[in-house]
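In: Model the following, please.
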Amino acid sequence: MTIPSEYQHESLSAPPYNLSGLGSTNVILGKNGSGKSRLMRRVDEELRQHPQAIGKILYITPERGGKLEYQPNVETNMINENWLLSTRRANQFGQFREQSASHFRRLELSLFREAERQGNVADVDAKFAVLSKLLDNVEMRREGNSFTTHVRHSGELIASGDLSSGESELISLAIECLVFRYERQPGAINYLLIDEPDVHLHPDLQERFVEFMQSTFDTDDIRLLITTHSTAMLSALARSRPTRVTFMKPGDTSLEFETVNETIKSIVPVFGAHPLSQVFNESPLLLVEGEDDARVWQQAIRTASGVMKLFPIVCDSLEGIARFEKIVEKIAPAIYDTPKAFSLRDGDETIGDLSDFKVVTRLRLACRATENLLLTDEVLDYAHLTWETTMTKIEEWIERNPTHKYLSVMSRFASTGFDRCQSDLKDLRNVIVGDIFQSNKPWEVLVGQVIGKVKLGEVSCEDCGGSLRSFLGPKTCTWLIGEGQE
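Out: Numbering: from 1, shown residues only. Now for the predicted structure:
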């Protein structure tokens, strides 16, 4: 969908709120109580102060109740524009779905008028057919100027009160969107404000609704503003159409929208199930540089049998960790109370701790890289070796393998005086495990198993030299082994 330049990255003031960087599709992600609904009502009120500059405006309230059936008294009340606006601006409205059923009648009238202008009345049923494609087990049938719902495979009539809340919700929202689509004012900016469309919708139905919006809003004169606390909804929108997002926390009044980039797309699904529980706080994210780092910590978590609770995320590079840290700092407070996360970098011969962010505690290995943990005293002991016997075995290996492709790398390691903490062991890790340890286990498994077996208090501040603590560093031990295993 092409977005005209005049619709991109605009600002909108609805005191006390200021929104900037708006595009065609805009999402406000925030937890309950962050003020999303109050903001939406203020935007609705402000837009209606400029009828000459704005096209159609529709605000859909967050708590939508009622039965999906036509009631004449509701349609009569809807003639009163003030009544309609006041009910839509309430956080909870018990007759929303009855309003949607009345809107269906308006939709039918709009479609027939358009079909008559185009000379193709038979096309009306095809336009209504999109509603029947929303659900796998339920179909809608147009009857007169209303509709009925039926079991798809048998045709059995389903009473409006027997539809599930999710089914009623999806059909109701779809009708509202179709009405808006056909009643918009071409050539003007038309605003559809949907407050928490994810309410009552399973993530699968959220995806279905997003697909419906993608096919319905195929014009360039509609601006969507959607609030949600569902990362599944945000993910689905970002996959289907150009989307901009802001992360709202309680007290925020200045909201800057940004493009949902690849980093946001990759991290958002991680938060998907967490709003229904406190899994995120119980198993904080651990941002790591590479796949091997993730495998080490995944093994440590498995070995710890529930004592160590972390959720490793691969960031692909040092620059990737920096990007992910910034995104987590934005997203996590918009979804959780007192969230926490960790990032862990290789040492890369850099000394000193990193300063922490508000959400992300930033850690750095005291050794060069995760591979160096393979030669710590604890891992050697697990392999039934000591550091002294390991050095002897390496010297013997150098003598026995004069043509090995990694001979020069191993010889260079020996020439450093066997600096097992800061030497580059990346090319040697599998040689060490297979030829020196005589083990068929992957090196990540060996290191992870040892980390997972370490008990709180066994890695003391007095440890030094080749100990696991000295390689991990005190701060990493405190947060990932210490606090993680309390």
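
In: got the contact list for whichever strand or helix holds Q299?
Out: Element membership for Q299 (DSSP states H and E) is helix 291-304. The contact list for helix 291-304 (C-beta atoms under 8 Å, 6 or more residues apart in numbering) reads 286, 288, 308-310, 312-314, 344, 370-371, 373, 442, 444-445, 447-449, 451-453, 480, 485. (Each C-beta comes from the backbone N, C-alpha and C, glycine too.)

In: Parallel or antiparallel, list what pairs with whichever helix or strand comes after that helix.
Out: Next helix or strand after helix 291-304 toward the C-terminus (DSSP H and E): strand 311-314. Its sheet considered, strand 311-314 pairs with strand 285-288 (parallel) by DSSP bridges.

In: who touches the strand it pairs with?
Out: So strand 285-288 is in contact with 270, 294, 297, 310-315, 321, 324-325, 328, 341-344, 360, 480, going by C-beta under 8 Å, 6+ apart.

In: can you pull the contacts of the nearest residue to N430 once chain neighbours are set aside?
Out: Excluding its sequence neighbours, the residue lying closest to N430 (C-beta to C-beta, 6 or more residues apart in numbering) is W443, at 6.5 Å. Shown in contact with W443 (C-beta under 8 Å, 6+ apart): E371, L374, R429, N430, I432, V433.

In: Would you mind confirming that S317 is in contact with E289?
Out: Yes. Here S317 reaches E289: they are 6.3 Å apart, a contact under C-beta atoms under 8 Å.

In: which of those two has more neighbours?
Out: Neighbour totals were compared for S317 and E289, and E289 leads with 22 against 11 (other C-beta atoms under 10 Å).

In: From K340, how far off is D353?
Out: Distance of D353 to K340, computed by C-beta to C-beta, to the nearest Å: 17 Å.

In: Name the helix or strand for the closest residue in space to Q185 that isn't next to it in sequence, please.
Out: In space, and not counting its chain neighbours, Q185 is closest to G55: 3.5 Å by C-beta to C-beta, 6+ apart. Element membership for G55 (DSSP H and E) is strand 54-60.

In: which element is the residue lying farthest from the centre of the chain on?
Out: In the chain, the residue that sits farthest from the middle, by C-alpha atoms, centre = their mean, is E399; the gap is 53.4 Å. Element membership for E399, per DSSP H and E: helix 387-400.

In: Could the C-alpha coordinates of that helix be exported in CSV?
Out: Taking Å, rounded to 0.1, in the frame of the first residue of the first chain, the C-alpha atoms of helix 387-400 are listed here in CSV:
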residue,chain,number,x,y,z
TRP,A,387,45.0,-27.5,34.5
GLU,A,388,48.4,-29.0,34.8
THR,A,389,47.5,-32.2,33.1
THR,A,390,45.6,-30.3,30.4
MET,A,391,48.7,-28.2,29.6
THR,A,392,50.8,-31.4,29.3
LYS,A,393,48.2,-32.9,27.0
ILE,A,394,48.2,-29.8,24.8
GLU,A,395,52.0,-30.0,24.5
GLU,A,396,51.8,-33.6,23.6
TRP,A,397,49.1,-32.9,21.0
ILE,A,398,51.4,-30.3,19.3
GLU,A,399,54.1,-32.8,19.0
ARG,A,400,51.8,-35.5,17.6
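
In: how about that helix: buried residues?
Out: Within helix 387-400, the residues that count as buried by 16 or more other C-beta atoms under 10 Å are W387, T390, M391, K393, I394, W397.

In: is it true that the last one touches V409?
Out: No. Using C-beta under 8 Å, W397 makes no contact with V409, being 11.8 Å away.

In: Which positions in stretch 370-382 come out as buried?
Out: T370, E371, N372, L373, L374, L375, T376, D377, E378, V379, L380, Y382.

In: quick one: contacts for the residue nearest to Q185?
Out: By C-beta under 8 Å, 6+ apart, the neighbours of G55 are R184, Q185, G187, A188, I189, N190, Y191, D221.

In: Mark which of those residues are part of strands, please.
Out: Of the contacts of G55, the ones assigned to strands by DSSP state E are I189, N190, Y191.

In: If any of the contacts of helix 291-304 are buried, put those into a ChimeraX selection.
Out: With 16+ other C-beta under 10 Å as the criterion, this ChimeraX line picks the buried residues out of these:
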select :286,288,308,310,312,313,314,344,370,371,373,442,444,445,447,448,449,451,452,480,485
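
In: what's the pLDDT at Q298?
Out: Looking at Q298, its pLDDT reads 94.

In: Count the neighbours of it for me.
Out: So Q298, with other C-beta under 10 Å, has 19 neighbours.

In: show me what contacts M233?
Out: V27, P197, D198, Q206, V210, I226.

In: Show the subsequent helix or strand relative to the one helix or strand A414 maps to.
Out: Assigned by DSSP H and E, A414 belongs to helix 407-415. Going down the chain from helix 407-415, the next helix or strand is helix 429-431, by DSSP H and E.

In: what is in contact with S317 and E289 at once?
Out: Contacts common to S317 and E289, judged by C-beta under 8 Å, 6+ apart, are absent.

In: among the contacts of M233, which are in strands?
Out: Per DSSP E, these map to strands at V27, I226.

In: Quickly name whichever of the contacts of M233 is closest to R41.
Out: Using C-beta to C-beta, I226 comes nearest to R41 of these, at 14.6 Å.

In: Could you count how many residues lie near the closest one?
Out: Neighbours around I226, by other C-beta under 10 Å: 26.

In: per-residue confidence for it?
Out: In this model, I226 carries a pLDDT of 96.

In: returning to that earlier point: could you give the average pLDDT over the strand holding G55?
Out: According to the model, strand 54-60 has a mean pLDDT of 88.

In: partners of that strand, with directions?
Out: Strand 54-60 has these strand partners (DSSP bridges): strand 189-195 (parallel).

In: Residues touching the strand it pairs with, excluding its own?
Out: By C-beta under 8 Å, 6+ apart, the surrounding residues in contact with strand 189-195 are 7, 36-37, 40, 43-44, 47, 54-62, 173, 177, 180, 184, 217, 221-227.

In: Only the buried subset of those, as a PyMOL command please.
Out: Selection command for PyMOL covering only the buried members of those, criterion 16+ other C-beta under 10 Å:
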select buried, resi 36+37+40+43+44+47+54+55+56+57+58+59+60+61+62+173+177+180+184+217+221+222+223+224+225+226+227
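
In: still on that earlier bit, could you tell me how far the residue farthest from the centre of the chain is located from L425?
Out: According to C-beta to C-beta, E399 and L425 sit 20 Å apart.

In: got a list of what E399 touches?
Out: Counting by C-beta under 8 Å, 6+ apart, E399 touches no other residue.

In: Identify the residue spatially nearest to the most centrally placed residue in the chain, adjacent ones excluded.
Out: Centroid check for the chain by C-alpha atoms, centre = their mean gives V268 as the closest residue, at 1.8 Å. Nearest residue to V268 in three dimensions, chain neighbours excluded: T231, at 4.8 Å (C-beta to C-beta, 6+ apart).

In: Any idea how many residues pack against that neighbour?
Out: Neighbours of T231 using other C-beta under 10 Å come to 24.

In: Pull out the buried positions in the strand or helix carrying N18.
Out: For N18, the element it lies in under DSSP H and E is strand 17-22. By neighbour count on 16+ other C-beta under 10 Å, the buried set for strand 17-22 is Y17, L19, G21, L22.

In: Output stretch 137-151 in PDB, but only the C-alpha positions, please.
Out: The C-alpha trace of stretch 137-151 is given here as PDB (Å, rounded to 0.1, in the frame of the first residue of the first chain):
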ATOM      1  CA  ASN A 137     -16.700 -22.800  11.900                       C
ATOM      2  CA  VAL A 138     -19.200 -19.900  11.600                       C
ATOM      3  CA  GLU A 139     -20.700 -18.300   8.500                       C
ATOM      4  CA  MET A 140     -22.900 -15.300   8.100                       C
ATOM      5  CA  ARG A 141     -25.900 -15.100   5.800                       C
ATOM      6  CA  ARG A 142     -27.500 -11.900   4.800                       C
ATOM      7  CA  GLU A 143     -31.300 -12.100   5.300                       C
ATOM      8  CA  GLY A 144     -33.400  -9.000   4.400                       C
ATOM      9  CA  ASN A 145     -31.400  -6.100   5.700                       C
ATOM     10  CA  SER A 146     -29.900  -8.000   8.600                       C
ATOM     11  CA  PHE A 147     -27.900 -11.300   9.000                       C
ATOM     12  CA  THR A 148     -27.900 -14.600  10.700                       C
ATOM     13  CA  THR A 149     -25.100 -16.800  11.800                       C
ATOM     14  CA  HIS A 150     -24.800 -20.600  11.100                       C
ATOM     15  CA  VAL A 151     -22.600 -23.600  11.700                       C
END
